[in-house]
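> Coordinates for the following, if possible.
(one chain, ligands or ions: 3)
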Amino acid sequence: MATKLLVIGQDGQVARAMAFVGSADNIVTCVGRPELDLTDPASVRAAIDRHKPDIVINPAAYTAVDKAESEVELAYAINRDGAAGVAAAAAEAGLPIVHISTDYVFGGDKAEPYLESDPTGPTGVYGASKLAGEHAVAAVNPAHVVLRTAWVYAPWGHNFARTMLRLAADRDVVRVVVDQQGTPTYAPDIAQAVLAVCRTIVASPDGKDWRGVFHLTNEGATTWAGFASEVFAQSAARGGPSARVEPITTADYPTPARRPANSRLDTGRFTRTFGHRMSDWRDAVKRFSSAPKA
Ligand SMILES: NC(=O)C1=CN([C@@H]2O[C@H](COP(=O)(O)OP(=O)(O)OC[C@H]3O[C@@H](n4cnc5c(N)ncnc54)[C@H](OP(=O)(O)O)[C@@H]3O)[C@@H](O)[C@H]2O)C=CC1
Ligand SMILES: Cc1cn([C@H]2C[C@H](O)[C@@H](COP(=O)(O)OP(=O)(O)O[C@H]3O[C@@H](C)C(=O)[C@@H](O)[C@H]3O)O2)c(=O)[nH]c1=O
Ligand SMILES: [Mg+2]
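Ligands and ions are numbered 1, 2, ... in the order given. Take a look at the predicted model:
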């Protein structure tokens with residue numbers, strides 16, 4: 001029998017990627033504003049009543065990292081209280097929740113990739129509000145999977161890769177920070193990984209194998225400058241916009257929010273638990289570069 005997935009949000013990068021993986025086996029319904037607003041818990045319960053899913057997926061969030069520094073209440077209303085509302089509504093209906101979180105829950109001081117068991121220490125409001133969301137989700141719904149991903153991009157929506165291509169259209173040189181490490185993660189690959197999580201949940205509903213926090217990124221790592229260079233190389237190879245990347249330091253690029261210097265995530269626990277391997281980040285950039293941009 002088909003598994004019914006209710007995805008919170010419609011226009012987000014991951015929500016849109018989820019819509020594309022719908023099939024006869026996985027019936028995907030994305031519900032966003034105005035029908036469902038995270039700041040209105042009744043609208044979340046109504047969507048669950050109406051669509052009667054088997055699993056609830058929550059990739060909706062307040063994601064404006066710099067703006068969050070001055071919109072603290074709104075960031076928490078969505079990323080903590082909104083997340084809690086979704087997880088609680090799922091729990092009331094007896095449903096598991098797959099919740100998406102971020103590498104920005106970490107402080108960035110560790111030299112190695114972060115494990116799920118490593119201490120958190122967000123450097124800004126966005127990361128802190130997302131961490132509060134993780135805790136709230138776990139507190140209200142024991143049947144939860146929290147997937148921490150990073151540096152998400154897609155052929156649609158707002159993301160760093162598309163910003164780079166836009167900048168390259170009218171300049172020869174783009175200055176990009178080289179002292180922040182992490183792993184660009186392609187939204188369509190996240191969607192496939194979420195399906196693997198859902199298969200595990202359906203196969204083992206008691207949840208002994210799958211509850212908790214998992215790190216989920218593409219494989220490998222780079223810097224923002226390295227990511228930009230790869231996007232330009234792949235774009236140029238297809239006759240698209242390209243620029244030279246001038247590596248700069250974080251100090252040369254002041255922003256309201258501080259970002260972690262290292263937010264590489266160790267994905268071993270995800271791979272072992274869900275039997276799904278993510279591809280290398282460069283392979284994903286290749287697929288991004290050959291996809292039509294929306
Ligand atoms: N973007 C990134 O680089 C990263 C993202 N993440 C996490 O991954 C998840 C997915 O991110 P991504 O797809 O990039 O997010 P986007 O910024 O692309 O989209 C955010 C989504 O959240 C929805 N949303 C925001 N506020 C509300 C609200 N009040 N009620 C209902 N929906 C709301 C938006 O709806 P609308 O279309 O109506 O605005 C949109 O669909 C998030 O949890 C994010 O924290 C983790 C690591 C990196
Ligand atoms: C646009 C631009 C950014 N930068 C720097 C600023 C910053 O340190 C880094 C990334 O910039 P952005 O603002 O695009 O990315 P940012 O908003 O920090 O992206 C984050 O979003 C949230 C939602 C997450 O969860 C994180 O995983 C991460 O993807 O690149 C440059 O050096 N040059 C540039 O031209
Ligand atoms: Mg940004």
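> just so I have it, where are all the strands in the stretch 151-294 of the chain?
With strands called from DSSP state E, counting those that start in this stretch, the stretch 151-294 of the chain shows them at 152-153, 173-177, 181-182, 185-186, 212-215, 222-223, 244-248.
> Tabulate those strands in TSV, adding columns for mean neighbour count and distance to residue 254.
Every C-beta, even on glycine, is put in place using the N, C-alpha and C of the backbone. TSV is the format used below for the strands of the stretch 151-294 of the chain (neighbours: other CB atoms under 10 Å; distance: least, CB to CB, whole Å):
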stretch	mean neighbour count	distance to residue 254
strand 152-153	25	23
strand 173-177	18	11
strand 181-182	22	19
strand 185-186	27	26
strand 212-215	21	29
strand 222-223	20	18
strand 244-248	16	11
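> how about JSON lines for the ones you listed, with mean pLDDT and distance to ligand 1 added?
Shown next, in JSON lines, are the strands of the stretch 151-294 of the chain (pLDDT from 0 to 100; distance: least, CB to the nearest ligand atom, whole Å):
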{"stretch": "strand 152-153", "mean pLDDT": "98", "distance to ligand 1": "4"}
{"stretch": "strand 173-177", "mean pLDDT": "98", "distance to ligand 1": "15"}
{"stretch": "strand 181-182", "mean pLDDT": "98", "distance to ligand 1": "9"}
{"stretch": "strand 185-186", "mean pLDDT": "98", "distance to ligand 1": "7"}
{"stretch": "strand 212-215", "mean pLDDT": "98", "distance to ligand 1": "11"}
{"stretch": "strand 222-223", "mean pLDDT": "98", "distance to ligand 1": "14"}
{"stretch": "strand 244-248", "mean pLDDT": "98", "distance to ligand 1": "19"}
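> how many neighbours does the closest residue to ligand 1 within the chain have?
With CB to the nearest ligand atom, the shortest gap between the chain and ligand 1 falls at residue 12, namely 2.6 Å. Using other CB atoms under 10 Å, the number of residues around residue 12 comes to 24.
> same thing with the one 4 residues further on?
A count of nearby residues for residue 16, using other CB under 10 Å, gives 22.
> go on, residue 171?
11.
> Now the phi/psi pair for the residue nearest to it when sequence neighbours are not counted, please.
The spatial neighbour of residue 171 that comes closest, neighbours along the chain excluded (CB to CB, 6 or more residues apart in numbering), is residue 243 at 6.0 Å. Backbone dihedrals for residue 243, given as degrees, to the nearest 10, come out at phi -150, psi 170.
> from what I can see residue 243 touches residue 232, true?
Yes: here residue 243 lies in contact with residue 232, judged by CB atoms under 8 Å, at a distance of 5.9 Å.
> which neighbours do the two share?
By CB atoms under 8 Å, 6 or more residues apart in numbering, residue 243 and residue 232 have these common neighbours: 164, 168.
> so how far is ligand 2 from residue 246?
Using CB to the nearest ligand atom, to the nearest Å, one gets 9 Å for the distance from residue 246 to ligand 2.
> Could you find the closest non-adjacent residue to that residue?
Using CB to CB, 6+ apart, the nearest residue to residue 246 is residue 175, at 4.7 Å.
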